[in-house]
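>>> pasting the structure only:
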């Protein structure tokens with residue numbers, strides 16, 4: 001998928017300025033002092049970033065470059081061709097640089113790998129013509145204008161209006177691009193996403209600017225919202241009609257799945273070995289769950305044990321509980337000296353907007369070009385149209401939610417982006433990858449338990465393990481669905497029978513695996529980070545070296561983990577080691 005900064009399931013997705021001393025230590029790891037302010041490489045890099053922003057203005061806006069407000073990428077055939085040509089040209093030119101400092105060489109390799117990943121999704125996977133997720137997560141979301149108070153409402157309403165006026169053209173291009181027959185799960189996802197945007201544009205997005213008194217601004221916004229909403233409704237209706245010809249042809253195939261891993265994450269481990277690694281982690285977590293359940297619910301089945309844990313619902317709902325959890329988690333991180341928490345930024349907790357409630361929890365961090373903007377940790381309420389049993393099951397138990405808060409906020413994505421926004425490399429600040437981001441956040445869950453969160457309470461451990469098993473089944477489903485001929489129903493059964501997920505979540509997760517083949521990155525990233533920690537701390541203080549390891553790991557921004565390993569372990573080439 002696109003870089004996490006361009007997008008950020010049950011616990012997600014997708015998008016931190018460090019102290020100077022930490023920045024210098026990170027650069028020392030890659031063998032050089034900070035790159036000169038102006039050099040042939042930095043001139044090329046900066047020009048490349050600007051051209052990339054012009055081709056993908058939504059990403060620029062998400063990063064905090066509000067001179068691009070209101071603009072969308074050109075998704076016409078010519079526009080997609082320009083994007084591909086830019087990526088190929090940039091990769092070739094970057095590789096031609098030879099006389100580089102250590103820091104520049106690392107940044108060059110980082111940039112090349114990011115653009116190779118983008119090129120894979122654009123051309124090899126052919127997502128613009130195959131997968132509505134390319135668009136749903138690629139720029140149609142106006143939340144930056146609505147929820148980030150980067151400027152007065154009178155400024156942001158104009159930006160949102162320009163954005164909404166661009167939607168009908170985008171919708172026309174999307175309809176032209178998507179070629180049937182499409183997999184049924186892709187159709188379902190796209191219909192939900194486009195319909196959700198239709199309602200959000202004319203509903204909550206407009207309502208968010210009710211305080212603006214200028215009648216012309218209000219009239220312009222409402223007219224633009226009506227046009228954008230109609231365009232999305234028509235797109236959703238057209239896509240819904242594709243059900244008649246829909247198929248189950250979602251698999252990348254083993255060869256292309258392996259190319260995905262190499263292009264996007266620099267992982268060159270053979271698929272058979274990767275699959276064995278994932279099964280071993282599944283067995284490890286299942287054994288730990290059986291032990292925890294024997295203490296927490298003796299004599300009961302694993303299913304009954306996890307249901308007991310999840311029956312302990314948060315008082316006042318998950319938003320109120322998460323607001324209580326975050327200060328406690330922060331105090332734990334500080335008390336146990338686990339990782340530096342740079343700056344004084346705070347994460348707010350809010351109910352997620354209606355159009356994005358297929359994600360039960362996610363965080364929206366500010367971009368690196370923004371100052372004084374809070375991160376927002378969104379938690380979704382259950383759909384009121386569901387029956388009571390399904391609504392109750394959707395709300396996580398307190399201990400399950402605790403590790404969602406670890407993952408999204410403390411010390412997961414929120415802390416990670418505090419560091420990324422302070423990276424000494426501008427590329428590290430604007431390009432945070434999928435396995436790096438989700439791997440860190442998932443790693444943080446187990447690390448916090450290992451550090452003593454919960455004081456050995458088996459219920460707390462079950463909450464951590466429930467999240468770990470969910471990601472183990474994502475890992476195995478991704479490989480199975482795309483490289484082993486697994487059906488969506490077989491994936492659903494895997495989530496239910498091996499990872500103890502409820503039926504509704506299992507259906508959602510198995511569907512997600514078809515249109516998000518890279519969702520193995522949670523466990524894959526976690527396992528690479530765990531191994532790197534073991535290898536690095538073996539000569540840097542063991543357990544006492546965890547904080548230093550965490551700070552140095554996070555200082556790189558968000559490159560493929562094999563590049564970080566090469567730098568921290570001073571190895572001659574990047575390697576994917578588990």
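Arrived safely, thanks for sending. Please read these numbers as outputs of a predicted model, since none were measured by experiment.
>>> for the rest of this, base every contact and every neighbour count on C-alpha atoms.
Fine.
>>> in which helix or strand would I find the closest residue to residue 503 other than its chain neighbours?
Distances taken as Cα to Cα, 6 or more residues apart in numbering put residue 496 closest to residue 503, at 6.6 Å, once the chain neighbours are dropped. For residue 496, the element it lies in under DSSP states H and E is helix 488-497.
>>> in that helix, what's buried?
Neighbour-count burial for helix 488-497 flags 488, 491, 492, 493, 494, 495, 496 (criterion: 16 or more other Cα atoms under 10 Å).
>>> who's in contact with the helix or strand that it is followed by?
Once the chain leaves helix 488-497, the next helix or strand it forms, by DSSP H and E, is helix 503-515. Defining contact as Cα atoms under 8 Å, 6 or more residues apart in numbering, one finds that helix 503-515 is touched by 9-10, 131, 133, 185-186, 250-251, 390, 474, 477-478, 481-482, 488-489, 491-493, 495-496, 519.
>>> try 6 Å this time
Here helix 503-515 makes contact (Cα atoms under 6 Å, 6 or more residues apart in numbering) with 185, 250, 478, 488, 491, 492, 495.
>>> adding pLDDT, write the residues you listed out as CSV.
Formatted as CSV, the contacts of helix 503-515 follow (pLDDT from 0 to 100):
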residue, pLDDT
185, 98
250, 98
478, 98
488, 98
491, 98
492, 97
495, 97
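>>> wait, is residue 376 part of a helix?
No: counting by DSSP: H, G, I helix; E, B strand; the rest coil, residue 376 falls outside a helix, being strand.
>>> my understanding was that it contacts residue 364; is that so?
Yes: here residue 376 reaches residue 364: they are 5.3 Å apart, a contact under Cα atoms under 6 Å.
>>> which pair of the contacts of helix 503-515 spans the longest distance?
Farthest-apart pair in the contacts of helix 503-515 is 250 and 495; separation 18.8 Å (Cα to Cα).
>>> next, the buried residues of the helix or strand containing residue 331.
Following DSSP H and E, one finds residue 331 within helix 318-335. For helix 318-335, the buried set under the neighbour-count rule, 16+ other Cα under 10 Å, comprises 318, 319, 321, 322, 323, 325, 326, 329, 332, 333.
>>> so what's the residue count around the closest residue to the third one other than its chain neighbours?
What that stands for is residue 321. Leaving aside its chain neighbours, residue 321 sits nearest to residue 314 (5.8 Å; criterion: Cα to Cα, 6+ apart). Using other Cα atoms under 10 Å, the number of residues around residue 314 comes to 18.
>>> residue 314 falls within a helix, correct?
No: under three-state DSSP, residue 314 sits outside any helix and is assigned coil.
>>> surely residue 458 and residue 290 touch.
No: counting by Cα under 6 Å, residue 290 is not a contact partner of residue 458; they are 10.5 Å apart.
>>> so the chain: which segments form each domain?
Per automatic domain parsing, the structural domains of the chain span 1-35+253-274+312-578, 36-100+126-245.
>>> nearest to residue 303, of the ones you listed?
Closest of the domains of the chain to residue 303 is domain 1-35+253-274+312-578, at 6.2 Å (criterion: Cα to Cα).
>>> quick check on the residue nearest to residue 345 when sequence neighbours are not counted: phi, psi?
What sits nearest to residue 345 in space, not counting adjacent residues and going by Cα to Cα, 6+ apart, is residue 374, at 6.5 Å. When quoted as degrees, to the nearest 10, the phi and psi of residue 374 stand at phi -80, psi 150.
>>> any weak-confidence spans in the chain?
Across the chain, the ranges flagged by pLDDT under 70 are 1-37, 355-356, 358.
>>> nearest to residue 354, of the contacts of helix 503-515?
residue 185 (20.4 Å).
>>> what residues sit buried inside the helix or strand harbouring residue 308?
Taking DSSP H and E as the definition, one finds residue 308 inside helix 302-311. Residues 302, 305, 306, 307, 308, 309, 310 are the ones in helix 302-311 that count as buried (16+ other Cα under 10 Å).
>>> likewise stretch 93-101?
Residues 94, 101 are the ones in stretch 93-101 that count as buried (16+ other Cα under 10 Å).
>>> same question for stretch 366-384.
Along stretch 366-384, these residues count as buried under the neighbour rule (16+ other Cα under 10 Å): 366-368, 370, 373-382.
>>> between these, which is closest to residue 256?
Using Cα to Cα, those come closest to residue 256 at residue 367, 32.2 Å.
>>> the closest one touches residue 63, doesn't it?
Yes: counting by Cα under 6 Å, residue 367 touches residue 63, with 3.9 Å between them.
>>> circling back: so which of the contacts of helix 503-515 comes closest to residue 439?
Comparing the contacts of helix 503-515 against residue 439 with Cα to Cα places residue 478 closest, at 15.4 Å.
>>> any idea which helix or strand carries the closest one?
Going by DSSP H and E, residue 478 is in helix 458-483.
>>> report the angle between the axes of that helix and helix 488-497?
Following axes from the mean of the first three to the mean of the last three Cα atoms, to 10 degrees, one obtains 160 degrees for the angle between helix 458-483 and helix 488-497.
>>> what is helix 458-483 packed up against?
Under the contact definition 3 or more Cα pairs under 6 Å, 6 or more residues apart in numbering; DSSP states H and E, helix 458-483 sits against helix 271-296, helix 398-408.
>>> which neighbouring elements make contact with the first one?
In this case it means helix 271-296. Counting contacts by 3+ Cα pairs under 6 Å, 6+ apart, helix 271-296 is packed against helix 458-483.
>>> report the distance from the helix it packs on to the chain centre.
What separates the centre of helix 458-483 from the centre of its chain is 16 Å, taken as Cα atoms, centre = their mean, to the nearest Å.
>>> flag every buried residue along that helix.
458-483.
>>> what inclination does it have with respect to helix 503-515?
Going by the same axes, to 10 degrees, helix 458-483 makes 40 degrees with helix 503-515.
>>> got a list of contacts for the helix holding residue 308?
293, 297, 396, 397.
>>> could you rerun that using 8 Å?
Outside helix 302-311, the residues that reach it (Cα under 8 Å, 6+ apart) are 289-290, 293, 296-297, 393, 396-400, 459, 462-463, 466, 500.
>>> backbone dihedrals for the closest residue to residue 382 other than its chain neighbours, please?
The shortest distance from residue 382 to any non-neighbouring residue, by Cα to Cα, 6+ apart, is to residue 391 (5.2 Å). Per-residue torsions, residue 391: phi -60, psi -40 (degrees, to the nearest 10).
>>> ditto for residue 65
Torsion angles at residue 65 (phi, psi; degrees, to the nearest 10) stand at phi -90, psi 90.
>>> what about it, how many neighbours?
Residue 65, neighbours per other Cα under 10 Å, totals 17.
>>> do you know how far it is from residue 57?
From residue 65 across to residue 57, the span is 9 Å (Cα to Cα, to the nearest Å).
>>> next one: residue 334
For residue 334 relative to residue 57 (Cα to Cα), the value is 38 Å.
>>> just residue 189 next, same as before
Going from residue 189 to residue 57 by Cα to Cα gives 24 Å.
>>> quick one: which of these two has more around it?
A count of neighbours by other Cα under 10 Å puts residue 57 above the other of residue 189 and residue 57, at 24 against 19.
>>> next up, the contacts around that one.
68, 69, 71, 72, 73.
>>> same check, this time on residue 349
319, 322, 323, 376, 377, 378, 379.
>>> repeat that with 6 Å
By Cα under 6 Å, 6+ apart, residue 349 lies in contact with 376, 377, 378.
>>> pretty sure it sits in a strand.
Yes: assigned with three-state DSSP, residue 349 falls within a strand.
>>> one step back: ok, so of the contacts of residue 349, who is nearest residue 541?
Among the contacts of residue 349, residue 377 lies closest to residue 541 (Cα to Cα), at 34.3 Å.
>>> brilliant, that's me finished.
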